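**Student:** let me see the structure of the following:
(chains A, B, C and D)
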2 protein chains.
Amino acid sequence: MTEKSRPLRADAARNRARVLQVAYETFAAEGAGVPIDEIARRAGVGAGTVYRHFPTKESLFQAIVAERLRQVVERAREQVAADPGEGLYAFLFQMAEQGATDLGLTEAFAGIGFDLAAALPDAEKEFTGLMAEILAQAQRAGTVRSDLDAADIKTLIVGLQAMRRFRGDSELMRRVYPVIRTGLAAPGSADASP
Amino acid sequence: MTEKSRPLRADAARNRARVLQVAYETFAAEGAGVPIDEIARRAGVGAGTVYRHFPTKESLFQAIVAERLRQVVERAREQVAADPGEGLYAFLFQMAEQGATDLGLTEAFAGIGFDLAAALPDAEKEFTGLMAEILAQAQRAGTVRSDLDAADIKTLIVGLQAMRRFRGDSELMRRVYPVIRTGLAAPGSADASP
DNA sequence: ATATAATCGGGGCGCTCGTTCCGTTTCGGA
DNA sequence: TCCGAAACGGAACGAGCGCCCCGATTATAT
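**Tutor:** Residues are numbered from 1 along each chain as shown, chains lettered A, B, ... in the order given. Here you go, the predicted structure:
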């Protein structure tokens, strides 16, 4: 009912893939503020070509965020499966590092010029659900204090990404991460301050 | 040597004050992205008048940030004088609340489109020095762990402001602040998890 | 009151960027 | 090989914004 999606012509499919790849790298490195013309130039196509595949700049950004979210969720599932108690910390600090490596996703996450829940409600719900799950596992394992919910974790991710973006050097975060870790630890657990 | 600063004409002084006041409120509420024309309109003057008093948009923003920093520093000195052990926490969470009430200062602080250290080196140095002082007092009082420096505190401020901006409702931060507080607490102090 | 200079206001210039348009090129089935 | 459809690319349009210009206005010293 929605559309008839005939298969793309070979050159069209190639160009679409190039645009997606270049746009991902560019948004990650420089954020959503980069002009479409610049992305087209780097991809070696005209601006018109970009707009044929993605009717608006936001739709291109959205497509990339959706794909990145998929990867993030997938990786998080692996981590929590490997070590339920440690999963939340691993995921949290990995998300923090993305403050430096994927500026576009960080902006989307913080709601800067992009409403994640409105644009990609399904992906957002899946992510929030996953957060709740990872948190519950860690709390069951006794590594994280029990008075926190998934929304608190999302808030912490936004804060950690901002800190990581502010501090160019990940070495310098060495002393900040333990502060968060200690603060999150369940009283009496190994990470709690003695 | 710098300039001849003759006294301003009465109407000029009045307009300058109006522009500063309106610009402060506007930047605080909506960030540095607001057009100069809009600020001029709200102040009831023409754009040309704004530019006679402040030769560039950035210079206006800078003037406001400088003034706000002065107020912040002054207030912090009072707080740390009143209670050295509690001073750092009070200041930290007050700065966090500014994530919601003063978007302009928050952006300047996080280095979003504005290089604080380059634009206002003296104010920045004074702020950093104050951070070191407040931190040292808290560490001496035994309320904050000793392996942190002033740069870590600035990083935490940036993160906390981002979290506060992300969470519109300060009620919702009730569970996040204790996490930070516990994480910062010196082992064995009252805030450390038992 | 008048002259003089400071100040004002807002239209306009130049630039950026998202988006569209259309003449030209390329693909791929017959 | 040939042709119609699909895709291309980049010039061009319009909106937004920082900043400048200049004729009109107003404050202030005399």
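
**Student:** could you give the mean pLDDT of the strand or helix carrying A:Ser59?
**Tutor:** A:Ser59 is part of helix A:57-82, with elements assigned from DSSP states H and E. Confidence for helix A:57-82, expressed as mean pLDDT, is 96.

**Student:** that one vs DNA strand D: in contact?
**Tutor:** No: judged by Cβ under 7 Å from any atom of the strand, helix A:57-82 stays clear of DNA strand D, getting no closer than 11.9 Å. Where C-beta positions appear, they are placed from N, C-alpha and C, glycine not excepted.

**Student:** just after that helix, pick out the following helix or strand.
**Tutor:** From helix A:57-82, the next helix or strand downstream (DSSP H and E) is helix A:84-101.

**Student:** anything in the helix holding A:Ser59 near DNA strand C?
**Tutor:** Yes: for helix A:57-82, a contact with DNA strand C is found by Cβ under 7 Å from any atom of the strand, at A:Lys57, A:Glu58.

**Student:** so which bits of that helix are buried?
**Tutor:** A:57, A:60-65, A:68-69, A:72, A:76, A:79-80 (16 or more other Cβ atoms under 10 Å in any protein chain shown).

**Student:** now do the same contact list for the residue of chain A found nearest chain B.
**Tutor:** Closest contact between chain A and chain B, by Cβ to the nearest Cβ, is at A:Gly183 (2.8 Å). Counting by Cβ atoms under 8 Å, 6 or more residues apart in numbering or on different chains, A:Gly183 makes contact with B:Pro178, B:Val179, B:Ile180, B:Arg181, B:Thr182, B:Gly183, B:Leu184.

**Student:** pLDDT wise, what is A:Thr2 at?
**Tutor:** 45.

**Student:** so which residues on chain A come close to chain B?
**Tutor:** A:110-111, A:145, A:147-149, A:151-152, A:154-156, A:158-163, A:165-167, A:172-173, A:175-176, A:178-188, A:192-194 (Cβ under 8 Å from any Cβ of the partner chain).

**Student:** ok, A:Val19 - contacts?
**Tutor:** Taking Cβ under 8 Å, 6+ apart, one finds A:Ile39, A:Ala40, A:Ala43, A:Val45, A:Thr49, A:Val50, A:His53, A:Phe54, A:Leu60 in contact with A:Val19.

**Student:** for A:Phe91, same thing?
**Tutor:** A:Ala76, A:Gln79, A:Val80, A:Ile134 are the contacts of A:Phe91 under Cβ under 8 Å, 6+ apart.

**Student:** ok, A:Ala90 next?
**Tutor:** A:Gln79, A:Asp83.

**Student:** and the contacts of A:Val19 as JSON lines, adding distance to A:Glu25 and secondary structure?
**Tutor:** Below are these laid out as JSON lines (distance: Cβ to Cβ, whole Å; DSSP: H, G, I helix; E, B strand; the rest coil):
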{"residue": "A:Ile39", "distance to A:Glu25": "9", "secondary structure": "helix"}
{"residue": "A:Ala40", "distance to A:Glu25": "14", "secondary structure": "helix"}
{"residue": "A:Ala43", "distance to A:Glu25": "10", "secondary structure": "helix"}
{"residue": "A:Val45", "distance to A:Glu25": "15", "secondary structure": "coil"}
{"residue": "A:Thr49", "distance to A:Glu25": "18", "secondary structure": "helix"}
{"residue": "A:Val50", "distance to A:Glu25": "15", "secondary structure": "helix"}
{"residue": "A:His53", "distance to A:Glu25": "17", "secondary structure": "helix"}
{"residue": "A:Phe54", "distance to A:Glu25": "16", "secondary structure": "coil"}
{"residue": "A:Leu60", "distance to A:Glu25": "13", "secondary structure": "helix"}
